[in-house]
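Enquirer: The sequence and its predicted three-dimensional model are supplied below.
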Amino acid sequence: MPKSALRHVMSASFATAGALALSLAGTPAQAATPLDYAALGDSYSAGSGVLPVDLSSPLCLRSTANYPHVLASRTGARLTDVTCGAAQTKDFTQAQYPTVAPQVNALDAETDLVTLTIGGNDNGTFVNAVTACAAAGVLSGGRGSPCKDANGTSFDDRIDASTYPALKAALGSVRAKAPGARVAVLGYPWITPATADPSCFAKLPVATGDVPYLRGIQAHLNAVVRRAAEETGATYVDFSRASDGHDACKPVGTRWIEPLLFGNSVVPVHPNALGERRMAEQTMSVLGLG
């Protein structure tokens with residue numbers, strides 16, 4: 001090729017490359033689209049008892065410092081929070097109160113992420129087990145296993161017979177409304193230690209032999225929640241290790257769950273602000289967010 005022609009081709013190539021570079025430099029970078037995030041679930045998701053309160057739905061005792069808000073703040077997700085204290089699986093598809101719509105109404109085909117805790121209120125599992133064991137503990141002076149002796153496998157039986165199929169149906173309704181979403185189902189952090197702590201009786205008056213009994217009921221519920229999550233294509237967020245040593249018997253600053261008596265929340269036996277933050281962090285870790 002003659003030198004004059006070669007110089008012409010090279011000049012044209014450099015000019016084209018320069019124009020392309022200027023064009024790219026003048027194009028603003030596309031911002032990452034925030035996740036369309038919907039938070040569903042019961043009082044453990046709502047952060048009931050944690051201040052400040054979300055006044056948009058007073059009946060739900062929802063906090064603006066609950067784990068969904070923490071997660072959304074740290075990831076930049078666009079949050080729709082319909083969590084509600086006392087919610088059961090049925091409240092995913094029917095109105096919990098006249099002014100509180102079915103929770104799955106917050107979902108659609110554009111939803112990217114869903115988180116939830118659910119199942120603990122079905123059959124009154126948590127409230128009935130804790131109150132029954134606390135009452136029995138007071139009457140027995142903390143000795144023996146009066147709650148286990150009186151109730152046996154009744155709580156576990158109802159979890160298997162009723163809660164498990166209800167969980168699968170509720171999670172199925174989530175999948176139907178948000179088929180492309182990533183669904184994270186959180187387990188419940190430990191309420192009691194593995195064995196009795198005598199110094200805790202004033203705060204959580206459960207008899208020595210009933211502390212592991214109550215923990216076993218919670219472990220069974222979490223196992224059923226995990227099974228339902230896995231069978232419906234959801235991700236289970238496990239707290240069995242992360243929350244160990246942070247139960248309601250631990251001191252302020254260590255415990256994630258407030259005790260039944262002499263705690264720092266108007267809603268006892270629920271996560272405090274620290275617990276909600278840790279729930280958010282564990283969920284983000286499992287999902288690879290943040």
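Expert: Structure received.

Enquirer: which stretches of the stretch 51-200 of the chain form helices?
Expert: Applying DSSP state H, counting those that start in this stretch to the stretch 51-200 of the chain gives helices spanning 67-75, 125-140, 146-151, 154-158, 164-177.

Enquirer: List of residues touching the shortest one?
Expert: Contacts made with helix 154-158 from outside it, assessed by CB atoms under 8 Å, 6 or more residues apart in numbering, are listed as 123, 125, 128-129, 216-217, 220. C-beta coordinates here come from the backbone N, C-alpha and C atoms, glycine included.

Enquirer: Greatest separation within these: which pair is it?
Expert: For the contacts of helix 154-158, the farthest-apart pair by CB to CB is Asn123 and Gly216; their separation is 16.1 Å.

Enquirer: ok, those two, which is more surrounded?
Expert: Asn123 (21 against 16; other CB atoms under 10 Å).

Enquirer: Verify the stated contact: the more buried one with Pro165.
Expert: No - using CB atoms under 8 Å, Asn123 makes no contact with Pro165, being 12.0 Å away.

Enquirer: Kindly reformat the helices of the stretch 51-200 of the chain as CSV containing distance to Ala242.
Expert: Formatted as CSV, the helices of the stretch 51-200 of the chain follow (distance: least, CB to CB, whole Å):
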stretch, distance to Ala242
helix 67-75, 13
helix 125-140, 19
helix 146-151, 27
helix 154-158, 24
helix 164-177, 21
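
Enquirer: For Leu116, find the nearest of those.
Expert: helix 164-177 (7.6 Å).

Enquirer: so how far is that closest one from its chain's centroid?
Expert: 16 Å (CA atoms, centre = their mean, to the nearest Å).

Enquirer: cool, stretch 216-236 as well?
Expert: Distance of stretch 216-236 from its chain centroid, counting by CA atoms, centre = their mean, is 13 Å.

Enquirer: Which positions within it qualify as buried?
Expert: Using 16 or more other CB atoms under 10 Å as the test for burial, stretch 216-236 gives 216-222, 224-226, 228-229, 232, 234, 236.

Enquirer: Kindly report the same for stretch 264-280.
Expert: Here stretch 264-280 shows 265, 267-280 as buried, counting by 16+ other CB under 10 Å.

Enquirer: Which residues outside that stretch are in contact with it?
Expert: 43-44, 47-51, 61, 63, 65-68, 70-71, 74, 85, 126, 130, 186, 189, 191, 239, 242-243, 246, 248, 252-253, 255-261.

Enquirer: Can you select the buried ones from those in PyMOL?
Expert: To isolate the buried members of the contacts of stretch 264-280 in PyMOL, using 16+ other CB under 10 Å:
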select buried, resi 43+44+47+48+49+50+61+63+65+66+67+68+70+71+85+126+130+186+189+191+239+242+243+246+248+255+256+257+258+259+260
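
Enquirer: CA-only coordinates of stretch 76-84 in CSV, if you can.
Expert: In CSV, the C-alpha atoms belonging to stretch 76-84 read as follows (Å, rounded to 0.1, in the frame of the first residue of the first chain):
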residue,chain,number,x,y,z
GLY,A,76,-30.7,0.7,48.4
ALA,A,77,-33.7,-1.5,47.7
ARG,A,78,-37.2,0.0,47.1
LEU,A,79,-39.2,-1.3,50.0
THR,A,80,-42.9,-2.1,50.3
ASP,A,81,-43.4,-3.2,53.9
VAL,A,82,-46.7,-5.0,54.7
THR,A,83,-45.4,-6.9,57.7
CYS,A,84,-48.0,-7.1,60.5
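
Enquirer: avg pLDDT for that stretch?
Expert: The predicted model assigns stretch 76-84 a mean pLDDT of 98.

Enquirer: Strands of this structure, residue ranges please.
Expert: When assigned using DSSP state E, the strands of the chain occupy the ranges 36-39, 78-81, 113-116, 182-186, 235-237.

Enquirer: just those: most buried one?
Expert: strand 113-116 (a mean of 27; mean count of other CB atoms under 10 Å).

Enquirer: contact partners of it?
Expert: 35-41, 45, 67-68, 71, 77, 83, 107, 174, 178, 181-186, 283, 287.

Enquirer: let's see it at 6 Å
Expert: Contact with strand 113-116 is made by 35, 37-41, 45, 174, 178, 181-185, as judged by CB atoms under 6 Å, 6 or more residues apart in numbering.

Enquirer: Pick the one among those residues closest to Leu55.
Expert: Ala39 (17.1 Å).

Enquirer: isn't that closest one right up against Ala87?
Expert: No - between Ala39 and Ala87 there is no contact under CB atoms under 6 Å: 11.5 Å.
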